[in-house]
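In: Need coordinates for the following:
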Amino acid sequence: MRTFGYSDLWFILEAAQWTVILSLIAFAGGGVVGLIIALSRTSENQLARTLSMGFIQLFRGTPLLLQLFLVFFGAPVIGLDINPWVAAAVALTLNSGAFLGEIWRGCIEAIPRGQWEAAEALGLRYRYKMRDVVLPQALKIAVPPTVGYLVQIVKGTSLAAIIGFTELTRAGQIINNATFEPMVVFSVVALIYFMLCWPLSLLAAYMERRLSVSLSR
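Out: Here you go, the predicted structure:
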């Protein structure tokens, strides 16, 4: 047993970069999946709406921890060799895609029906109607909740410690097992999470206030 020192702090800080990287991968990948899901949910195609709704119900209706287990332990069953890094990225991407898809679906449907009808009156097909009329307006509404959800992604990466991925929480567990100073170690870990999430929370709140002012004009 030893006391918590500078090398331990540095190890935790190095692990924090993997938390940030994993969060960015999950956010970017989830954004792609979420956009597909949002467009499918608002599509004129019944099959696309049904499949996208099933996807959302599956990933929003089950715990992220269980999804990590299914990807990490389930992949070898079907013959895929997967490491904790890839498993965490895949599970978080799919989970984020479901939540972002539902957030963006709400933003798309928040656009006044008059805008949809005007696009239809111009004879625009669904693809052009979404690209040129609906999505540019929905983007303004979507930014605050999207930034706010990024906070949830950052905190959600902590569950990757369960499958052995050495991110911020896992680094804290490793150092705690060596020092037996849980109050010190996990206080440092909590502080780093706070420093990552608090600016994003402030940014989301600021954007929401700006949006409210803009919509009230």
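In: quick one, helices of the chain?
Out: 6-41, 46-60, 64-74, 84-109, 113-121, 126-129, 135-156, 168-179, 182-216 (DSSP state H).
In: Of all the ones you listed, which one is nearest I162?
Out: Nearest to I162, of all the helices of the chain, is helix 64-74, at 6.4 Å by C-beta to C-beta. For the C-beta atoms, the positions are set from N, CA and C on the backbone; glycine is no exception.
In: What count of nearby residues applies to the residue nearest to E44 when sequence neighbours are not counted?
Out: Distance criterion C-beta to C-beta, 6 or more residues apart in numbering; nearest residue to E44, sequence neighbours excluded, is Y126 at 5.8 Å. For Y126, the tally of surrounding residues (other C-beta atoms under 10 Å) stands at 15.
In: how much space between Y126 and L39?
Out: Separation of Y126 from L39 (C-beta to C-beta, to the nearest Å) stands at 9 Å.
In: So, low pLDDT: which residues of this structure?
Out: 213-217 (pLDDT under 70).
In: Mind doing that once more with 80?
Out: Across the chain, the ranges flagged by pLDDT under 80 are 1-2, 126, 211-217.
In: need the helices of the chain in CSV with distance to I162, can you?
Out: Listed next are the helices of the chain as CSV, based on distance: least, C-beta to C-beta, whole Å:
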stretch, distance to I162
helix 6-41, 14
helix 46-60, 18
helix 64-74, 6
helix 84-109, 9
helix 113-121, 44
helix 126-129, 41
helix 135-156, 12
helix 168-179, 9
helix 182-216, 15
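In: wait, isn't L65 in contact with L159?
Out: Yes: counting by C-beta atoms under 8 Å, L65 touches L159, with 5.2 Å between them.
In: Let me know how buried the closest residue in space to L196 that isn't next to it in sequence is, in neighbour terms.
Out: Distance criterion C-beta to C-beta, 6+ apart; nearest residue to L196, sequence neighbours excluded, is V154 at 5.4 Å. V154 is flanked by 21 other residues according to other C-beta under 10 Å.
In: what sits against V154?
Out: V154 makes contact with T19, V20, S23, Y193, L196, C197, L200, according to C-beta atoms under 8 Å, 6 or more residues apart in numbering.
In: Highest neighbour count among the residues you listed?
Out: When neighbours are counted by other C-beta under 10 Å, T19 leads these with 25 neighbours.
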